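A.B. asks: no sequence on hand, only this structure:
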């Protein structure tokens with residue numbers, strides 16, 4: 001079965017940002033908050049991460065209408081120590097909560113060299129990479145993570161108790177490209193399994209298990225079962241530790257206490273996030289960091305490739321190349337997503 005590719009539209013990033021802001025304002029989001037949310041989501045589209053870009057806005061607003069989140073939430077920041085902030089998202093739109101938490105962590109890092117923000121009462125905050133990029137632009141190395149709805153069984157188990165929790169790590173490179181790793185804990189996303197099911201194709205048995213916890217090549221059985229974590233028990237352990245930081249320590253929900261967006265969209269998720277930022281400037285001056293990062297990248301780029309057509313790359317390089325191209329030529333997004341935003345924007349107050 002051949003799947004039809006969705007039609008796309010190319011818009012300048014500034015125009016896409018303006019449209020997203022108007023759509024958000026239509027649901028009662030303040031101008032400043034709409035700017036922050038759109039800033040994260042448009043960056044996602046610029047990086048080519050369209051599953052977590054402006055196409056999420058109608059979904060967020062639909063959840064707002066159902067009571068699952070509050071589009072007008074006032075994010076509260078409590079400075080519990082000079083370097084440490086506790087952020088209460090008040091059930092707000094996730095990228096807004098994430099943007100405010102990034103600011104809180106950055107404030108602590110400027111003050112003390114290291115800043116952290118632990119977040120509770122949040123929702124899906126988009127991909128990690130836009131936050132890593134914004135941190136790197138300000139000279140911060142960063143570790144950023146979130147917990148998520150449970151889709152992974154504990155290693156050796158046969159019931160979903162662990163989330164496919166995203167984790168990002170970034171290091172700035174003044175005058176050059178930052179190195180940014182943005183990963184989730186499953187071998188593949190459920191979307192790839194759904195695509196295989198729609199096409200009637202088998203999947204590798206490393207992608208997922210069936211409902212009894214057995215590896216399967218049947219995409220339908222996989223969709224009824226559980227995602228496999230990266231690296232087997234190591235990925236399970238890593239996902240669990242992310243949840244301890246983002247869920248348990250933050251005061252947010254954790255493990256199967258997290259409400260499922262798809263199953264119960266009317267219920268607040270109470271997701272947790274962690275933002276840890278390190279100011280690189282006290283560690284070394286800009287020239288030294290620039291030189292060392294260039295040398296680091298050069299060593300890897302000079303590695304003889306196993307496939308001459310596929311040179312060695314650093315994490316985030318492909319996304320940064322997409323970001324540069326789309327910043328210059330316009331952002332390519334699904335036409336249906338643009339139409340949905342335009343319909344919302346016409347109702348802006």
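C.D. replies: Noted; the coordinates are in hand. Since this is a predicted model, take the numbers as computed values, not measurements.
A.B. asks: just the mean pLDDT for stretch 205-212, thanks.
C.D. replies: Taken as a whole, stretch 205-212 has an average pLDDT of 91.
A.B. asks: name the residues of it that are buried.
C.D. replies: Neighbour counts over stretch 205-212 (16 or more other C-beta atoms under 10 Å) mark 207, 208, 209, 210 as buried. Placement of C-beta: from N, CA and C, glycine included.
A.B. asks: endpoints of that stretch, how far apart?
C.D. replies: In stretch 205-212, first residue to last residue: 14 Å (C-alpha to C-alpha, to the nearest Å).
A.B. asks: what lies in contact with it?
C.D. replies: 153, 158, 187-188, 192-193, 215-218, 221-228 (C-beta atoms under 8 Å, 6 or more residues apart in numbering).
A.B. asks: neighbours of residue 192, just the number please.
C.D. replies: The local packing of residue 192 (other C-beta atoms under 10 Å) involves 16 other residues.
A.B. asks: now residue 226
C.D. replies: Residue 226 has 25 nearby residues by other C-beta under 10 Å.
A.B. asks: how about it, nearest residue that isn't a chain neighbour?
C.D. replies: Nearest non-adjacent residue to residue 226, counting by C-beta to C-beta, 6 or more residues apart in numbering: residue 153, 4.3 Å away.
A.B. asks: what is the least confident helix or strand in the protein?
C.D. replies: Lowest mean confidence among the helices and strands of the chain (mean pLDDT, DSSP states H and E): helix 190-199, at a mean of 86.
A.B. asks: for that helix, which helices and strands make contact with it?
C.D. replies: helix 219-224 (3 or more C-beta pairs under 8 Å, 6 or more residues apart in numbering; DSSP states H and E).
A.B. asks: show me what counts as buried in the helix it packs on.
C.D. replies: For helix 219-224, the neighbour count (16+ other C-beta under 10 Å) marks 219, 221, 222, 223 as buried.
A.B. asks: and what of stretch 296-312?
C.D. replies: Neighbour-count burial for stretch 296-312, with 16+ other C-beta under 10 Å as criterion, is recorded at residue 297.
A.B. asks: so residue 70 touches residue 90, yeah?
C.D. replies: Yes. The pair residue 70 and residue 90 passes the contact test of C-beta atoms under 8 Å, sitting 6.4 Å apart.
A.B. asks: who are the packing partners of the helix or strand containing residue 294?
C.D. replies: Under the criterion of DSSP states H and E, residue 294 resides in helix 286-301. Contacts defined by 3+ C-beta pairs under 8 Å, 6+ apart place helix 286-301 against strand 179-183.
A.B. asks: what lies in contact with the strand it packs on?
C.D. replies: 127-129, 132-133, 136, 166-171, 173, 230, 293, 296-297, 314-316, 319-320.
A.B. asks: run the last query once more with 7 Å
C.D. replies: Contact partners of strand 179-183, identified using C-beta atoms under 7 Å, 6 or more residues apart in numbering, comprise 127-129, 132-133, 166-171, 173, 314-316.
A.B. asks: what about the longest helix in this structure?
C.D. replies: Secondary structure of the chain read by DSSP state H shows that its longest helix is helix 94-112.
A.B. asks: next, the angle helix 94-112 makes with the helix or strand following it.
C.D. replies: Scanning forward in sequence from helix 94-112 by DSSP H and E, the next helix or strand is strand 114-122. Here strand 114-122 runs at 160 degrees with respect to helix 94-112, directions being taken by axes from the mean of the first three to the mean of the last three C-alpha atoms, to 10 degrees.
A.B. asks: tell me where the protein has strands.
C.D. replies: Using DSSP state E, the strands found in the chain span residues 8-11, 76-81, 84-88, 114-122, 140-146, 150-152, 162-163, 167-171, 179-183, 208-209, 226-227, 271-279, 331-334.
A.B. asks: so which of the ones you listed gets nearest residue 50?
C.D. replies: Minimum separation from residue 50 across the strands of the chain (C-beta to C-beta) falls at strand 331-334, 6.3 Å.
A.B. asks: quick one, phi/psi of residue 225?
C.D. replies: When read as degrees, to the nearest 10, the backbone of residue 225 gives phi -110, psi -130.
A.B. asks: mind checking how far it is from residue 149?
C.D. replies: Taking C-beta to C-beta, to the nearest Å as the measure, residue 225 falls 15 Å from residue 149.
A.B. asks: quick one: which of those two has more around it?
C.D. replies: residue 225 (23 against 19).
A.B. asks: so what's that one up against?
C.D. replies: Contact analysis of residue 225 by C-beta under 7 Å, 6+ apart lists 208, 209, 210, 211, 216.
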